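Q: Build me a structure from this.
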Amino acid sequence: MDLDIVGLSRLQFAMTALYHFLFVPLTLGLSILLAIMETVYVMTGRPIWRQMTKFWGTLFGINFALGVSTGIVMEFQFGMNWSYYSHYVGDIFGAPLAIEGLMAFFLEATFVGLFFFGWERLSRVAHCVVTWLTALGTNFSALWILIANGWMQNPVGARLNPQTLRMEVDSFYDVLFNIVAQAKFVHTVSAGYTVAALFVLGVSAWFLLKGRHIELAKRSMTVAASFGLAASLSVVVLGDESGYSANEHQKMKLAAIEGMWKTEPAPASFTAFGIPDQEARKTHYAVHIPWVMGLIGTRSLTQPIPGIDELVRQAEGHIREGIQAYDALQRIRAAGSDAAIPPAARATFEQHGHRLGYALLLKPYVDDPRQATEAQIAQAAWDTVPQVAPLFWTFRLMVVLGFYFIVLTAVFFWLSARRRLDAHPWLLKLAVWTIPLPWIAAECGWFVAEFGRQPWAVEGVLPTAVAVSELGAGTVLFTLLGFVAIYTALIVVEMKLMLGAIRKGPQPDTPPAAPADVPLIGKVQRTAS
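A: Numbers count the residues shown, from 1 in each chain. Model (predicted):
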């Protein structure tokens, strides 16, 4: 990445997003695990389940607070570093962000407060309802973020107003039920559930190795193993859906992930291993698994998957079409009023306006895309190819880790069913050392999703190079270094707080002697009798 204003702005947003996503998946998953544990407490009345909920709730609270604080900065960056992006698509992108803010800072935060301070003030059932609402609020908060992000990957339900040069909502229903957004949501939350399950599994394994809090640790491992097995299986299944969605809406991303330079005839094979070479435009030493990519990408054995070379040729055609749209746009804006717009310009824009973004790919090379040379058009077409090698290897690391999580949680699920969780100390040590791996897998997933979208801020609509603010590179570099320093300090603080809470362990907890759900008059009558 060139460290100009565009490169630095991308790097700053990438760093803040990756830092922020260290906190998000654990929050998503722990909130559901807390609700499950407290539900068991309400159903059985056994105090150890209340103690478990409180202990893991403490770790949830630490993580939640830091997740919120790091997430706020990301939204401010849209105005600071990506002002033209905010101007161009703010009418669509701003709505889900606003709804997410309402859910995160009002609904979600309110129930988090009730969770921590309502133990002695609410009945068992009421507090359990609060815990479930906290979990739902946390996950629905993520939904709106992913609706916004999904629209950037597949911009549906919107159209460009040629006179204001702003995208306007055409169908909020299409934005809300965007197939890419829905696939991203279920895949992302499943990944978060896997992160939390393996975190609980690893910490509980550490307790068993130390011979501390045995009963709490075993029960926590049983919940985490079953929940983690279901979640990790879901990640793989839903990842398959994301692959199908990518082939439908982001063919270049899929081709880059596969290192697929030539079009694969049906049924396309999956490249298990290879060394992508972007300069030579080929993948060396490729090892293929027949049919797999065809089934993932097309759900059939009869449809080919286009390679990078073919997609670049298609991009050249889109750029030429976009130049026509750009010319019509200039004539529409020069007209000054609706009545003065030449009918030919209006008709041309209606026909080719959806390719305008491809003409904007020429902006780094020429101020007026209509003046672009053949060489510049060819260069802009190749700019639609993201860096292949990082995507190729990151995706495969994520896949390998995903299958490892399935095997590990399945083993512990089997051991929990046989009541032999502590039978193999080496497995417990493996669980402890596995704790950071789901975070690595989750970060890999975000890298593939966002880096693979380049050079687009909004797929096919707005190039990243055009979306950036007109800031000095020095200013962005200074803020980038500041964010890295502050966020690193926050991570150190969280690690110390989390490790301190884990070493301290669950605290003795005595629930009310009488069920909190029983009315006071009922207590008086039993006492009198």
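Q: going forward, measure contacts and count neighbours with C-alpha atoms only.
A: OK.
Q: Now do the buried residues in the one helix or strand residue 322 maps to.
A: Using DSSP states H and E, residue 322 maps to helix 308-335. Going by neighbour count (16 or more other CA atoms under 10 Å), the buried part of helix 308-335 is 308-309, 311-312, 315-329, 331-333.
Q: would you list every one of the helices in the stretch 401-529 of the chain?
A: 425-434, 437-451, 464-467, 473-504, 520-528 (DSSP state H, counting those that start in this stretch).
Q: Surely residue 306 and residue 250 touch.
A: No - judged on CA atoms under 8 Å, residue 306 makes no contact with residue 250 at a distance of 11.1 Å.
Q: Okay, now the unreliable bits of the stretch 1-150 of the chain?
A: 1-3, 104-105 (pLDDT under 70).
Q: cool, the stretch 251-400 of the chain as well?
A: Looking at the stretch 251-400 of the chain by pLDDT under 70, you get an empty list.
Q: Run through the helices of it in chain order.
A: 251-258, 292-298, 308-335, 343-352, 356-360, 374-382, 388-417.
Q: And for the stretch 51-200 of the chain?
A: 83-102, 109-117, 124-153, 172-176, 179-210.
Q: helices or strands up against the fourth one?
A: It refers to helix 172-176. Applying 3 or more CA pairs under 8 Å, 6 or more residues apart in numbering; DSSP states H and E, one finds that helix 172-176 contacts helix 124-153.
Q: what does the first one give?
A: Of the remaining helices and strands, those touching helix 83-102 by 3+ CA pairs under 8 Å, 6+ apart are helix 47-80, helix 124-153, strand 166-169, helix 464-467.
Q: Need the residues that contact stretch 486-497.
A: 16, 19, 62, 63, 66, 70 (CA atoms under 8 Å, 6 or more residues apart in numbering).
Q: Apply 7 Å and report the result again.
A: 19, 62 (CA atoms under 7 Å, 6 or more residues apart in numbering).
Q: Before we move on, what's the pLDDT of residue 247?
A: What the model reports as pLDDT for residue 247 is 73.
Q: do the same with residue 207
A: 97.
Q: And for it, the neighbour number?
A: Counted with other CA atoms under 10 Å, the neighbours of residue 207 add up to 21.
Q: Please apply the same query to the one 10 residues further on.
A: Using other CA under 10 Å as the criterion, residue 217 is surrounded by 22 other residues.
Q: same question, residue 486
A: 13.
Q: Distance check, it against residue 440.
A: 21 Å (CA to CA, to the nearest Å).
Q: Over to residue 34?
A: For residue 34 relative to residue 440 (CA to CA), the value is 23 Å.
Q: Would you pull up how far the helix or strand harbouring residue 221 lies from the middle of the chain?
A: According to DSSP H and E, residue 221 maps onto helix 214-249. Relative to its chain's centre, helix 214-249 lies at 15 Å (CA atoms, centre = their mean, to the nearest Å).
Q: do the same with stretch 412-420
A: Per CA atoms, centre = their mean, the centroid offset for stretch 412-420 relative to its chain is 32 Å.
Q: now do stretch 48-60
A: On CA atoms, centre = their mean, the centre of stretch 48-60 falls 27 Å from that of its chain.
Q: who touches it?
A: 27, 30, 34, 37, 38, 40, 41, 216, 498, 506, 509.
Q: Any of the residues you listed buried? List them.
A: 27, 30, 34, 37, 38, 40, 41, 216, 498, 506.
Q: nearest residue to the last one other than its sequence neighbours?
A: Right, the one you point to is residue 506. residue 55 (5.1 Å; CA to CA, 6 or more residues apart in numbering).
Q: what's in contact with stretch 95-112?
A: 130, 133, 134, 137, 138, 141, 144, 145, 147, 148.
Q: if we look at stretch 467-481, which residues are touching it?
A: Here stretch 467-481 makes contact (CA under 7 Å, 6+ apart) with 4, 5, 6, 8, 9, 12, 81, 82, 83, 84, 85, 457.
Q: Rebuild these as a markdown table, extending it with distance to residue 277 and neighbour count.
A: Formatted as a markdown table, the contacts of stretch 467-481 follow (distance: CA to CA, whole Å; neighbours: other CA atoms under 10 Å):
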| residue | distance to residue 277 | neighbour count |
| --- | --- | --- |
| 4 | 25 | 14 |
| 5 | 27 | 21 |
| 6 | 25 | 23 |
| 8 | 25 | 20 |
| 9 | 27 | 26 |
| 12 | 27 | 22 |
| 81 | 32 | 23 |
| 82 | 32 | 23 |
| 83 | 35 | 17 |
| 84 | 34 | 19 |
| 85 | 32 | 22 |
| 457 | 25 | 21 |
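Q: Would you reformat those as CSV and include distance to residue 481?
A: Formatted as CSV, those follow (distance: CA to CA, whole Å):
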residue, distance to residue 481
4, 15
5, 14
6, 16
8, 11
9, 12
12, 9
81, 15
82, 18
83, 21
84, 23
85, 23
457, 23
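Q: So which of these is the closest to residue 233?
A: Of all the contacts of stretch 467-481, residue 233 sits closest to residue 457, with 31.2 Å by CA to CA.
Q: That closest one is in contact with residue 465, isn't it?
A: No - here residue 457 does not reach residue 465: they are 8.3 Å apart, not a contact under CA atoms under 7 Å.
Q: what's around the nearest residue to residue 510 once chain neighbours are set aside, how many residues?
A: Spatially, and ignoring its direct neighbours in sequence, residue 510 is nearest to residue 47 (7.2 Å; CA to CA, 6+ apart). As a burial measure, residue 47 scores 16 neighbours (other CA under 10 Å).
Q: Relative to residue 442, how far out is residue 47?
A: 34 Å.
Q: repeat for residue 36
A: Taken as CA to CA, the span from residue 36 to residue 442 is 23 Å.
Q: the more surrounded of the two?
A: residue 442 (22 against 18).
Q: can you tell me which residues contact the closest residue in space to that one that isn't next to it in sequence?
A: Closest residue in space to residue 442, ignoring its immediate chain neighbours: residue 191 at 6.5 Å, by CA to CA, 6+ apart. By CA under 7 Å, 6+ apart, residue 191 lies in contact with 25, 235, 442.
Q: can you list the domains in this structure?
A: 5-248+435-442+466-504, 308-382 (automatic domain parsing).
Q: how many neighbours does residue 148 have?
A: Residue 148, neighbours per other CA under 10 Å, totals 22.
Q: That one touches residue 93, doesn't it?
A: Yes - between residue 148 and residue 93 a contact is recorded at 5.7 Å, counting by CA under 7 Å.
Q: who's in contact with residue 292?
A: Residue 292 neighbours (CA under 7 Å, 6+ apart): 268, 269, 270.
Q: ranking these by neighbours, who comes first?
A: residue 268 (26 neighbours).
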